[in-house]
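1. here is the input, now give the coordinates:
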Amino acid sequence: MLIKSAIYVRSSKDRKDNSCIDQEMQLREIVKSKGEAVYRVFCDKALSSTRDVRPDFDEMISIATSKSPPFSKIYCLDTSRFGRDDFESKAILYQLRRKHGIEVHFSNMPHTGTYLDPAFESIFQAFDYIHSQQSKVKGVASQKQNIRNGWRAGGPAPYGYKIEKVELGKHRTGDVITKTKLVRNPETCDIAKEYFERRARMESRRSILDDFYRRAIPSPRGDRRWAVSTVKSMEDNVDVYLGHTQFFRHNERVKNRGKSDGFVGGKKWRPKEEWVTTENTHDPLITIEVAGRIREIKQRGLRDAPYKRRVYPLSGIMKCGVCGTKYAGDNKHYRCNSMGKSDLKCHNNSIAQNTAEEAIFLFITKHLFNAKNFEGFADRVRNRINKGQADVRALKKNLSKVQRQIDRAMKLYQRGTIDIENIEKLLVPLQEQKKAVAENIDRLKSEKGIVDVSEGQILDVLHRLEEEFRHADPKIRKRVCMTLIDEIRILPKQGTPWKWERLLEIKGVHVPLTRVNVVIPPGIEPGLPA
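-> Now for the predicted structure:
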């Protein structure tokens with residue numbers, strides 16, 4: 001029976017002389033000399049044996065440990081090709097040889113056919129581990145120097161950026177020498193900037209990510225839903241978004257029986273004094289002020305509420321237009337509470353949370369924060385905050401009278417009617433009187449809490465309120481809705497399945513709200529069974 005053997009070859013950045021092709025040729029000759037057949041060549045190119053990701057190696061081990069493996073031997077050039085993690089290599093070799101009967105041969109190992117062979121193998125594995133640690137130290141030193149020179153040390157670009165290669169010349173072998181740096185990604189940089197600015201305004205992560213989902217903005221991985229861990233990592237990289245390059249922040253991972261088991265010392269981050277940072281290496285996406293707010297939020301440990309505690313701002317004021325029962329929030333929808341009662345089962349459809357809230361919030365901002373609706377509003381606000389203004393007006397009238405007398409005296413002096421000695425006699429008491437009246441006005445304002453507010457300042461406050469309401473936390477929106485709106489009635493759907501419409505009748509408390517039409521595209525809301 002012809003014996004079938006597998007061949008495993010691997011090349012890494014630190015051993016370019018041992019290419020996969022050279023390894024394969026040597027091992028094929030060995031398999032042929034033993035009268036065996038090559039089942040398959042498993043090859044991992046430019047991958048380190050100390051990393052967890054070696055796709056062909058993992059596939060080979062999976063096939064070898066299956067119930068009926070198609071090969072009985074594995075040939076590899078040396079132990080370093082197989083792996084440089086001492087414990088992991090021994091565990092895999094034990095599993096293959098003792099449990100599954102797969103022979104593993106290293107062609108560059110001395111073979112005596114005696115009890116010394118396992119000892120030689122262990123010695124070579126120990127040297128492989130030492131070599132891997134030396135390579136790591138040299139690699140880290142090289143990467144640190146890259147950072148100090150303003151280049152990147154490798155890895156994918158953070159969201160909002162992309163990697164640009166820069167050619168620096170050619171090696172003596174003819175290979176092009178390239179370095180990399182970050183440049184703005186025009187497709188995602190504005191989204192990253194928007195996230196940080198909204199987060200700096202204390203908006204919750206979940207609120208921002210839900211908005212990205214509604215706007216069909218894909219996550220960095222291309223998913224429709226953004227994971228909170230994704231934006232937490234962005235916040236950890238706040239200095240990168242300020243235009244700086246950092247390296248050597250993460251602690252080394254600890255491996256337990258060949259698997260990752262936390263970090264050295266139980267801490268993910270190294271002490272800051274060990275970090276390597278080079279400032280202004282690429283274009284920033286955020287300002288220093290925004291970065292400061294992000295750091296403050298992280299330092300204070302402000303956390304989002306758990307996702308399951310979804311807030312429904314319209315619950316409590318939304319009622320069914322058919323049976324009068326209140327609508328309650330349920331699974332991203334507002335549903336009539338009578339649906340769960342056997343004696344009073346209403347057939348009015350539920351309405352999607354996003355659909356209802358977007359219509360109501362748009363209507364509120366349109367009517368409440370519209371400048372056209374504020375004719376005379378500024379005067380009412382000033383009168384409300386300036387109670388006791390009558391006393392101040394009398395003093396201001398007196399001040400204006402004194403100022404007119406000063407102006408009249410100055411005109412007489414300019415015409416030559418009064419000489420300099422007489423003008424001084426007139427102006428000195430008037431100036432003292434003006435100063436006394438002005439001091440009385442300031443004192444009275446301070447005692448009665450009177451402030452001077454212009455119409456522009458009032459409108460500016462309203463515009464800021466509008467902006468804050470648009471990006472506010474759902475709990476804040478709920479309080480606003482409870483304050484402004486007394487009741488919202490949901491009427492049944494009307495129209496065709498291709499273009500549903502329904503009326504939301506709104507009774508306002510402090511603003512004259514009446515009703516709004518909601519156009520519902522097909523597929524947004526589920527039709528409940530009759």
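
2. quick one: the strands in the stretch 351-500 of the chain?
-> For the stretch 351-500 of the chain, the strands defined by DSSP state E, counting those that start in this stretch occupy 351-352, 485-490, 494-496, 499-508.

3. and the last one, what does it pack onto?
-> With contacts defined as 3 or more CB pairs under 8 Å, 6 or more residues apart in numbering; DSSP states H and E, the packing partners of strand 499-508 are helix 353-368, strand 485-490, strand 494-496, strand 515-520. C-betas here are computed from N, CA, C, even on glycine.

4. sheet partners, orientation included, of that strand?
-> Neighbouring strands of strand 499-508 in its sheet, by DSSP bridges, are strand 485-490 (antiparallel), strand 494-496 (antiparallel), strand 515-520 (antiparallel).

5. tell me which element residue 211 is part of?
-> Using DSSP states H and E, residue 211 sits in helix 205-214.

6. still on that earlier bit, so which of the helices and strands packed on strand 499-508 is nearest residue 97?
-> Closest of the helices and strands packed on strand 499-508 to residue 97 is helix 353-368, at 59.0 Å (criterion: CB to CB).

7. separation between residue 7 and residue 44?
-> Residue 7 sits 12 Å away from residue 44, going by CB to CB, to the nearest Å.

8. so residue 96 is in contact with residue 72, correct?
-> No. Between residue 96 and residue 72 there is no contact under CB atoms under 8 Å: 10.5 Å.

9. hang on, the earlier thing: can I get the strands of the stretch 351-500 of the chain in a markdown table with mean pLDDT and distance to residue 3?
-> A markdown table is the format used below for those (pLDDT from 0 to 100; distance: least, CB to CB, whole Å):
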| stretch | mean pLDDT | distance to residue 3 |
| --- | --- | --- |
| strand 351-352 | 86 | 64 |
| strand 485-490 | 86 | 75 |
| strand 494-496 | 77 | 71 |
| strand 499-508 | 78 | 70 |
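
10. between those strands, which one is closest to residue 276.
-> Of all the strands of the stretch 351-500 of the chain, strand 351-352 sits nearest to residue 276, with 49.3 Å by CB to CB.

11. in stretch 287-298, which residues are buried?
-> For stretch 287-298, the neighbour count (16 or more other CB atoms under 10 Å) marks 290-291, 293-294 as buried.

12. show me the contacts for residue 106.
-> With contacts defined as CB atoms under 8 Å, 6 or more residues apart in numbering, residue 106 is in contact with 76-79, 82, 121, 124.

13. hey, what's it bridged with?
-> Going by DSSP bridges, residue 106 forms beta bridges with residue 76.

14. quick one: pLDDT of it?
-> Looking at residue 106, its pLDDT is 87.

15. what's the angle between the helix holding residue 211 and helix 353-368?
-> 100 degrees (axes from the mean of the first three to the mean of the last three CA atoms, to 10 degrees).

16. what's the following helix or strand after helix 205-214?
-> As assigned by DSSP H and E, the chain's next helix or strand after helix 205-214 is helix 228-236.

17. need the contact list for residue 433.
-> By CB under 8 Å, 6+ apart, the contact list for residue 433 reads residue 402.

18. next one: it from residue 418, what distance?
-> Taking CB to CB, one finds residue 433 at 19 Å from residue 418.

19. domain parsing for this protein?
-> Following automatic domain parsing, the chain resolves into domains at 4-136, 189-244+279-300, 318-371+469-520, 387-450.

20. now tabulate those domains in JSON lines and tack on distance to residue 149.
-> As requested, the domains of the chain are exported to JSON lines (distance: least, CB to CB, whole Å):
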{"stretch": "domain 4-136", "distance to residue 149": "19"}
{"stretch": "domain 189-244+279-300", "distance to residue 149": "9"}
{"stretch": "domain 318-371+469-520", "distance to residue 149": "40"}
{"stretch": "domain 387-450", "distance to residue 149": "60"}
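
21. please name whichever of the ones you listed is nearest to residue 162.
-> Among those, domain 189-244+279-300 sits nearest to residue 162 (CB to CB), with 9.2 Å.

22. now the closest one: mean pLDDT?
-> Averaged across domain 189-244+279-300, pLDDT comes to 91.

23. just stretch 38-52 next, same as before
-> Stretch 38-52 comes out at a mean pLDDT of 73.

24. in which helix or strand would I find residue 70?
-> Going by DSSP H and E, residue 70 is not in any helix or strand.

25. same check, this time on residue 143
-> Residue 143 belongs to helix 116-148, assigned by DSSP H and E.

26. and residue 163, that one's in a helix?
-> No. Counting by DSSP: H, G, I helix; E, B strand; the rest coil, residue 163 is located in no helix; its state is strand.

27. who's in contact with it?
-> 152, 156-157, 180-183.

28. from those, which single one is nearest residue 277?
-> Nearest to residue 277 among the contacts of residue 163, with distances taken as CB to CB, is residue 152, at 13.0 Å.

29. number of residues surrounding the nearest residue to that closest one once chain neighbours are set aside?
-> Excluding the flanking residues, the one nearest residue 152 by CB to CB, 6 or more residues apart in numbering is residue 180, at 4.7 Å. Applying other CB atoms under 10 Å, we find 16 residues neighbouring residue 180.

30. would you map the helices across the stretch 351-500 of the chain?
-> In the stretch 351-500 of the chain, the segments counted as helices under DSSP state H, counting those that start in this stretch are 353-368, 377-385, 389-415, 420-448, 455-470, 474-484.

31. now the last one: buried residues?
-> Okay, so that is helix 474-484. Result for helix 474-484 [16+ other CB under 10 Å]: buried residues 474, 477-478, 480-481, 484.

32. quick revisit: buried subset of the contacts of residue 106?
-> Using 16+ other CB under 10 Å as the burial test, the contacts of residue 106 include 76-77, 79, 82, 121, 124 as buried.
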